[in-house]
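> sharing a model that was predicted from the sequence below.
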Amino acid sequence: MKKIGIVICNYNKKEYVLNCIQSVLESKTDDYDIYVADNASTDGSAEAIREKYGERVTVLANKENLGGSGGFNTGIRKVLEDGYEYLYCLDNDVLVDENAIGALAGYLDAHEDTGVAGSIVYHMDCPEYVQQYGLDIDFENYTAVTHYADFWDDGSIPDVKRCDTVATCSVMVRLSCIRETDIGIMPEDNFIYWDDMEWIYRFTLAGFKVVTVKNSAVLHKMGSNVKPSNTFINYYMWRNRMNFFMRYTPKEKTEEMSYRLLSAAFDSMYESMYREEHNIMKTLSYAFFDAVRGVRGKAAEYKILPNDANDDKFRMFLQGKKTYCLLPGGSDDERGVMKNFLQLLNPELVSCEDSARADVVLKPCDYVMQMAGGDRSFVYIDTQNNVILDEEDWTCVENYRYARSLFIYMNQAPFLDAVESLKNRN
């Protein structure tokens, strides 16, 4: 019997999944079987896989789209049932290096205290830059911190990196950890996003080491700058992030967590209102209240709306302007991003060092909502490309602190009740 059961989760990415499978088959190791869990694709993925690869790949066809977690779990159950030693999870838009699979298996063979080994993931479109090399759970800011995100690989990245969790775009798991503990399989009630991070974090909580291994390199397509067509990501990222920290934050930090998460949720909704992105605002509101009410699984269709993210107001403001002056402030990288953003909105704009001669004078800041009482002769711009343009904007900025305090005051008690209820059910 083969040592490794490989599970690829696929939904409507026929060309990607065919290329992914081909890269696996070109690996130096052949001690594996391949399973593709197909989430009821309508683009002919399952048929194309069977036609091209025949018995070399087993297609596990789901009758409906079960999301990332449900799709992977279809394959994970099969691999557990068939008795493999290791499970290797792989996203359909990944290409693996010929040594990637063998490097992970070799590391687990040599380190029995390690339950999970993940790859170093590079951007497919910019392969010299790292997409991620594992993640840590930040119980100060209540988010996940990605190691080496968008880092140019200059040779300084360690060969092995200990971390709290890894994304399942390319990760190998010691199956005895699941068979002999209550870690279980992926949390299907997430549907997608934070499901893999929560699952692997359970290995850390159970006392197993989680690492990333640089000798295992893959390319991942995810991370394109193309604007999503709808608010799918906004909903699941926010709802599941909140649920994660409601579930796993230590009891003594619960009140602090509630304040931080409520503040972050408010900021996102307030910014959406400020930028006149009404659909995003609605979806974020649904995500927040669903997290508090314990609504899980696949979102109701009416909660996922067309993506209306826009910079229309700033674009219109810049029309007819010829020069701009970006005053000192921010890092070189942040200033570079701001300059690129301005050029995108108005390609005719030219940088000018003399603020007295510039048509627009911009002042970089960390966050425009913290600029109450600022100098109204500037256009403030922050690292998220929020700007203050007119008196209406200044009114929103001046009211920000009071509105945030009111939001937290109104929602903290029911939020803490929801946290207690969730922890009591676990």
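Structure received. Remember, predicted model here, so these are calculated numbers, not experimental data.
> tell me how far residue 24 lies from residue 39.
Distance, residue 24 to residue 39, by C-beta to C-beta, to the nearest Å: 19 Å. In this view, the C-beta of every residue, glycine as well, is placed from N, C-alpha and C.
> who does the biggest helix by length in the chain touch, helix- and strand-wise?
Taking DSSP state H as the criterion, the chain has its longest helix at helix 391-425. Using 3 or more C-beta pairs under 8 Å, 6 or more residues apart in numbering; DSSP states H and E, the elements in contact with helix 391-425 are helix 232-248, helix 254-274, helix 278-293, strand 387-388.
> dump the ones you listed to TSV, plus distance to residue 47 and mean pLDDT.
Formatted as TSV, the helices and strands packed on helix 391-425 follow (distance: least, C-beta to C-beta, whole Å; pLDDT from 0 to 100):
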stretch	distance to residue 47	mean pLDDT
helix 232-248	26	97
helix 254-274	41	97
helix 278-293	34	97
strand 387-388	49	98
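> what about residue 101, how many neighbours?
28 (other C-beta atoms under 10 Å).
> which SSE is immediately downstream of the helix or strand where it lies?
Using DSSP states H and E, residue 101 maps to helix 100-110. Following helix 100-110 in sequence order, the next helix or strand is strand 114-123 (DSSP H and E).
> mind exporting that next one as CSV, just the C-alpha atoms?
Output of strand 114-123 as CSV, limited to C-alpha atoms (Å, rounded to 0.1, in the frame of the first residue of the first chain):
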residue,chain,number,x,y,z
THR,A,114,5.5,16.7,14.3
GLY,A,115,1.9,16.3,13.3
VAL,A,116,1.8,18.7,10.3
ALA,A,117,4.3,19.9,7.7
GLY,A,118,3.5,22.6,5.2
SER,A,119,5.2,23.9,2.1
ILE,A,120,6.7,27.3,1.3
VAL,A,121,4.1,28.8,-1.0
TYR,A,122,5.2,31.2,-3.8
HIS,A,123,3.0,33.5,-5.9
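> that strand - what's its average pLDDT?
Averaging pLDDT along strand 114-123 yields 98.
> please state the offset of the helix or strand just after that strand from the chain centre?
Once the chain leaves strand 114-123, the next helix or strand it forms, by DSSP H and E, is strand 130-132. Averaging C-alpha positions (C-alpha atoms, centre = their mean, to the nearest Å) puts strand 130-132 12 Å from its chain's average.
> pLDDT score for residue 223?
Reported pLDDT for residue 223: 52.
> re earlier: got the helices and strands packed on helix 391-425 as a markdown table, with mean neighbour count columns?
Below are those laid out as a markdown table (neighbours: other C-beta atoms under 10 Å):
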| stretch | mean neighbour count |
| --- | --- |
| helix 232-248 | 21 |
| helix 254-274 | 19 |
| helix 278-293 | 20 |
| strand 387-388 | 22 |
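> now render these as TSV, adding distance to residue 410.
Listed next are these as TSV, based on distance: least, C-beta to C-beta, whole Å:
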stretch	distance to residue 410
helix 232-248	16
helix 254-274	9
helix 278-293	12
strand 387-388	26
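> among these, which is nearest residue 8?
helix 232-248 (20.7 Å; C-beta to C-beta).
> now the angle from the closest one to helix 278-293?
Orientation check (axes from the mean of the first three to the mean of the last three C-alpha atoms, to 10 degrees): helix 232-248 against helix 278-293 gives 20 degrees.
> now helix 232-248: how far from the chain's centre is it?
11 Å.
> what are the buried residues along the longest helix of the chain?
393-394, 396-397, 400, 404, 407-408, 411, 415, 418-419 (16 or more other C-beta atoms under 10 Å).
> which among the residues you listed gets closest to residue 251?
Among the buried residues of helix 391-425, and counting by C-beta to C-beta, the member closest to residue 251 is residue 419, at 9.3 Å.
> give me the buried positions along the helix or strand of the chain with the lowest mean pLDDT.
Of all helical and strand segments in the chain, the minimum by mean pLDDT, DSSP states H and E falls on helix 332-345, at a mean of 93. By 16+ other C-beta under 10 Å, the buried positions in helix 332-345 come out as 338, 342, 345.
> number of nearby residues for the residue lying closest to the last one once chain neighbours are set aside?
Counting by C-beta to C-beta, 6 or more residues apart in numbering, residue 315 is the residue found nearest to residue 345 once chain neighbours are left out, at 4.6 Å. Around residue 315 sit 12 other residues, with neighbours defined as other C-beta under 10 Å.
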